[in-house]
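In: Build me a model from this:
(one chain, ligands or ions: 1)
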Amino acid sequence: MDLIEAIVLKSLDYKDSSKILYLYTDSGLQSIIAHGVKKMNNINRALSQNGNLIKVSFSKGSFPSLKEGEMLNDFPNIKQDVLSYTYLNHIMELVNNTISEDSDHPKMFSFLKRLFSLYNDFQDPEILSFIFELKLLYFLGYGLNFRQCNLCNKNEFLVFNVDNGGLVCREHLSINQQSYESDIYLLLSKMYFIDINEFEKIDITKNDRVIIRHIIDQLFDQYVSFKTKSRNILLQLQKY
Ligand SMILES: [Zn+2]
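Out: You can find the predicted model right below:
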């Protein structure tokens, strides 16, 4: 049987010695039972950790079980760093809970593999997460507009506003709406449009990171209505 590539998004204990693995593959989300993997001498024991890239085959049916598996990459550097690993889990929670069945899974799967490699190469974990989250909005159908005013198409005197999902001119900004100037929205747009295959380091000050985190949280609140558990852990680790 052919083995397919999968990312282990989450694993849950199941009965005494088994686990349920929540996988993401280039055909979408897939949960499988991995019988006996908690036993010390089980050959698939190492596979089940969150964030692993593995190759598996599984039985058919409504609740398939793991047949064969092999490790492709366990991204050891990520797992040694609590901040990186928490960001990785934040990303995997978003994948597991927001991506719909009819999405372009091959595209998302190859994006995630590249992203995880960058994490493992010690690239800035927070900036990689910003990039993922902004691109996820687009992937979920909530594309951000960085070109002109959303309402009149004017392209000067623009500010970024969450309620408008992008840029708006000052005339069309309501009085009580919070807005962000070009220093912030140019950073957002740079990360939104970046080609992950040609990733280059981006410098963002601490102060701007706090603002961008706040904007992305608001965008997810408003458009996706989903908050990860890892986001709360990040709040404890980073204080914002
Ligand atoms: Zn306008």
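In: all contacts plus neighbour counts: C-alpha atoms, from now on.
Out: Will do.
In: What residues does the closest residue to residue 226 other than its chain neighbours make contact with?
Out: For residue 226, the nearest residue in space outside its immediate sequence neighbours is residue 220; the separation is 6.6 Å by CA to CA, 6 or more residues apart in numbering. Neighbour list for residue 220: 137, 226-227 [criterion: CA atoms under 8 Å, 6 or more residues apart in numbering].
In: Now narrow these to whatever sits close to the ion.
Out: Of the residues in the contacts of residue 220, proximity to the ion by CA under 5 Å from the ion holds for none.
In: What pLDDT does the model give the residue nearest the centre of the chain?
Out: The residue lying closest to the centre of the chain (CA atoms, centre = their mean) is residue 91, at 3.0 Å. pLDDT, the model's per-residue confidence, is 98 for residue 91.
In: Starting from the host helix or strand of residue 5, tell me which strands it pairs with and how they run.
Out: Assigned by DSSP states H and E, residue 5 belongs to strand 4-14. Strand 4-14 has the following sheet partners, assigned by DSSP bridges: strand 18-25 (antiparallel), strand 53-58 (antiparallel).
In: hmm, back to that, mind listing which of the contacts of residue 220 are in helices?
Out: residue 137 (DSSP state H).
In: can you list the contacts of residue 220 in TSV and add neighbour count and pLDDT?
Out: As requested, these are arranged in TSV below (neighbours: other CA atoms under 10 Å; pLDDT from 0 to 100):
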residue	neighbour count	pLDDT
137	19	97
226	14	95
227	15	96
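In: Which of the contacts of residue 220 sits closest to the ion?
Out: Closest approach to the ion among the contacts of residue 220 (CA to the ion): residue 137, at 23.0 Å.
In: From residue 23, how far out is the closest residue in space to that closest one that isn't next to it in sequence?
Out: If the residues on either side of it in the chain are set aside, residue 137 comes closest to residue 143, at 6.0 Å by CA to CA, 6+ apart. The spacing between residue 143 and residue 23, counted by CA to CA, to the nearest Å, is 26 Å.
In: Between those two, which has more neighbouring residues?
Out: For residue 143 and residue 23, the more surrounded residue by other CA atoms under 10 Å is residue 23, and the numbers stand at 25 against 15.
In: residues from this structure in reach of the ion?
Out: Contact residues (CA under 5 Å from the ion) of the chain with the ion: 149, 151-152, 169, 172.
In: go with 6 Å
Out: Counting by CA under 6 Å from the ion, the residues of the chain close to the ion are 149, 151-152, 154, 168-169, 171-172.
In: could those residues go into TSV alongside pLDDT and neighbour count?
Out: As requested, the residues of the chain next to the ion are arranged in TSV below (pLDDT from 0 to 100; neighbours: other CA atoms under 10 Å):
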residue	pLDDT	neighbour count
149	96	24
151	93	13
152	95	11
154	94	14
168	96	30
169	96	20
171	93	12
172	94	15
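In: Filter those down to the ones in strands?
Out: When DSSP state E defines the strands, the subset of the residues of the chain next to the ion inside them is 168-169.
In: domains for the chain, by residue range?
Out: When the chain is parsed with automatic domain parsing, its domains come out as 4-74, 77-238.
In: Quick check: which element contains the residue nearest to residue 137?
Out: In this structure, residue 143 is located outside every helix and strand according to DSSP H and E.
In: What distance do you get for it to the ion?
Out: In this structure, residue 143 lies at 18 Å from the ion, with CA to the ion, to the nearest Å as the measure.
In: Got the phi and psi for that residue?
Out: In this entry, residue 143 is assigned phi and psi values of phi -60, psi 140 (degrees, to the nearest 10).
In: pretty sure it contacts residue 164?
Out: No: distance between residue 143 and residue 164: 11.0 Å, which falls outside the contact criterion (CA atoms under 8 Å).
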